[in-house]
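> turn this into a structure:
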Amino acid sequence: MIKHKLSIKQPNPVQEGFYRRRVRIAVVTLLLLILTLFLCGTMLYLGNTRYSLGEIIRVLLGEQIKGATFAIGTLRLPRMLAGLLAGMAFGMAGRTFQTMLRNPLASPDIIGVASGSSLAAVFCIIILKISGHLVSLAAVTTGLAVAFLIYMLSRRGSFSGGRLILIGIGVQAMLNSLISFLLLRANQYDVPAALRWLSGSLNGMQMKSMPGLFLVVLSFGSVLVLLSRQLKILELGDQSAITLGLRTDRIRLALVFSAVFLIAYATAVTGPIAFVAFLAGPIAGRLAGPGSSNILPAGLTGAALVLLADSIGQFVFDIRFPVGIITGILGAPYLLYLLIRMNRTGGAA
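Numbering: from 1, shown residues only. The predicted structure follows:
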């Protein structure tokens, strides 16, 4: 008599852990998407005059409604889209730098990239007396040039993330000094416009600026999402990445260029909205957990931060504040906390 032993397949802990991480990331991404859409709707609803959901939908579908078409279509919709798209750009770019350089301080608005765009915009506004697309073009071009300079200076011999951060902080200090010099030398009538731009604001957004911002976020954001697996490998270090067959220089250059273009273009449209790139990545990482580069969750977190901060700045206080002031208030305490924590742990965040 032959006895057949039934073998029961034991669960694989590695596969179970991988599945749980994937489910958690998917759930967090979905919840962040719902939150972002809710904040988008809130921005369209809030204002001096409040319209019903039906009226908002009819205006978005192109119907002409007296009063509502101007308030929603001309004022609120461009503001909401600018906050949504710029927040996603800042969030994805910030997370890319932080993951690639393995340092939560490696945010584009801390290592000088955003300051390059700001310097170009202030120079155009104060010295050249120009505005519009020329300011955006100068801001993007200068932001890319500054990022390329920082990258090349940090790549002497071999690439070093710590060297890039230190060089970036030094370049940022120099660029901020030049911005202060331009403001001191400027005509008093030009200073308010420059300061409004430097504070990071969604005031005065127009629909004609949105297609370009949308295309930039869609194209370069997609590159970052597609390269998220390679980005996670780069986090292991160059030696491990090369051993795994990764072309580190090409991948890193593609990541840096895409992230910098997102930051530079978003800064050109809205101004340097403080600390969004710095905050979005760590928040998304805490929510989604380890096991992924969290590029898309970071983008949604950045969008939610900008939309929420702008709503607070516009409707919570008696005086209306630009969105950059509110995000700066939120980000400064976290930066101090992070520095204290790194000091206590010997440099580990």
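> mind checking how far stretch 85-100 is from the chain centre?
4 Å (Cα atoms, centre = their mean, to the nearest Å).
> where's Val256 relative to Leu61, distance?
Here the criterion is Cβ to Cβ, to the nearest Å. By it, Val256 lies 41 Å from Leu61. Quick note: C-beta positions are derived from backbone N, CA and C, even for glycine.
> quick one: low-confidence parts of the chain?
1-11, 14, 17-18, 156-161, 238, 291-293, 342-349 (pLDDT under 70).
> find the centremost residue of it, please.
Nearest to the geometric centre of the chain sits Phe90, at 1.0 Å (Cα atoms, centre = their mean).
> can you tell me how far that residue sits from Val260?
12 Å.
> which residues do those two both contact?
Pro108 (Cβ atoms under 8 Å, 6 or more residues apart in numbering).
> buried residues of the one helix or strand Leu144 maps to, list them for me.
Using DSSP states H and E, Leu144 sits in helix 133-153. Buried residues in helix 133-153, counting neighbours by 16 or more other Cβ atoms under 10 Å, are found at 135-136, 138-140, 142-144, 146-147, 150-151.
> centre of the chain to the helix or strand containing Thr327, how far?
Applying DSSP H and E as the criterion places Thr327 in helix 323-344. Relative to its parent chain, helix 323-344 has a centroid offset of 16 Å by Cα atoms, centre = their mean.
> ditto for stretch 125-132
Per Cα atoms, centre = their mean, the centroid offset for stretch 125-132 relative to its chain is 26 Å.
> what about the closest residue to Ile130 other than its chain neighbours, neighbour count?
Spatial nearest neighbour of Ile130, chain neighbours left out: Cys124 (5.1 Å); criterion: Cβ to Cβ, 6 or more residues apart in numbering. Counted by other Cβ atoms under 10 Å, the residues lying close to Cys124 total 22.
> and Cys124, how far is that from Val135?
According to Cβ to Cβ, Cys124 stands 5 Å off from Val135.
> just Ala82 next, same as before
15 Å.
> for the stretch 201-349 of the chain, what spans make up the strands?
For the stretch 201-349 of the chain, no strands are identified by DSSP state E, counting those that start in this stretch.
> how about the helices of it, start to end?
210-226, 228-234, 238-243, 248-270, 276-288, 295-315, 323-344 (DSSP state H, counting those that start in this stretch).
> what's in contact with stretch 21-32?
Contacts of stretch 21-32 (Cβ under 8 Å, 6+ apart): 284, 287-292, 294, 296-297, 300-301, 304.
> about what we covered before: and the helix holding Leu144, how far out from the chain middle?
Distance, stretch centre to chain centre, for helix 133-153: 17 Å (Cα atoms, centre = their mean).
> contact partners of it?
With Cβ under 8 Å, 6+ apart as the criterion, helix 133-153 contacts 111-121, 123-125, 163-164, 167-168, 171, 175, 209, 212, 256-257, 260-261, 263-265, 267-269.
> now do it and helix 248-270, the angle between them.
Counting by axes from the mean of the first three to the mean of the last three Cα atoms, to 10 degrees, helix 133-153 lies at 150 degrees to helix 248-270.
> buried stuff in the longest helix along the chain?
Across the chain, the longest stretch assigned as helix under DSSP state H is helix 13-45. Neighbour-count burial for helix 13-45 flags 24-25, 28-29, 32, 35-36, 39-40, 43-44 (criterion: 16+ other Cβ under 10 Å).
> Leu195 contacts Leu183, doesn't it?
Yes: contact criterion Cβ atoms under 8 Å: Leu195 and Leu183 qualify, at 7.5 Å.
> now the helices of the stretch 201-349 of the chain in CSV, please, with extra columns for distance to Leu101 and mean neighbour count.
Formatted as CSV, these follow (distance: least, Cβ to Cβ, whole Å; neighbours: other Cβ atoms under 10 Å):
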stretch, distance to Leu101, mean neighbour count
helix 210-226, 15, 17
helix 228-234, 9, 19
helix 238-243, 12, 14
helix 248-270, 10, 23
helix 276-288, 11, 25
helix 295-315, 15, 26
helix 323-344, 14, 16
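> looking at those helices, which is nearest to Gln15?
Of all the helices of the stretch 201-349 of the chain, helix 228-234 sits nearest to Gln15, with 17.9 Å by Cβ to Cβ.
> can you tell me which helices and strands the closest one packs against?
The helices and strands touching helix 228-234, judged by 3 or more Cβ pairs under 8 Å, 6 or more residues apart in numbering; DSSP states H and E, are helix 77-100, helix 238-243, helix 248-270.
> so which of those helices gets nearest Arg229?
helix 248-270 (10.1 Å).
> which strands and helices lie in contact with the closest one?
Against helix 248-270 (3+ Cβ pairs under 8 Å, 6+ apart) you get helix 77-100, helix 113-123, helix 133-153, helix 210-226, helix 228-234, helix 238-243.
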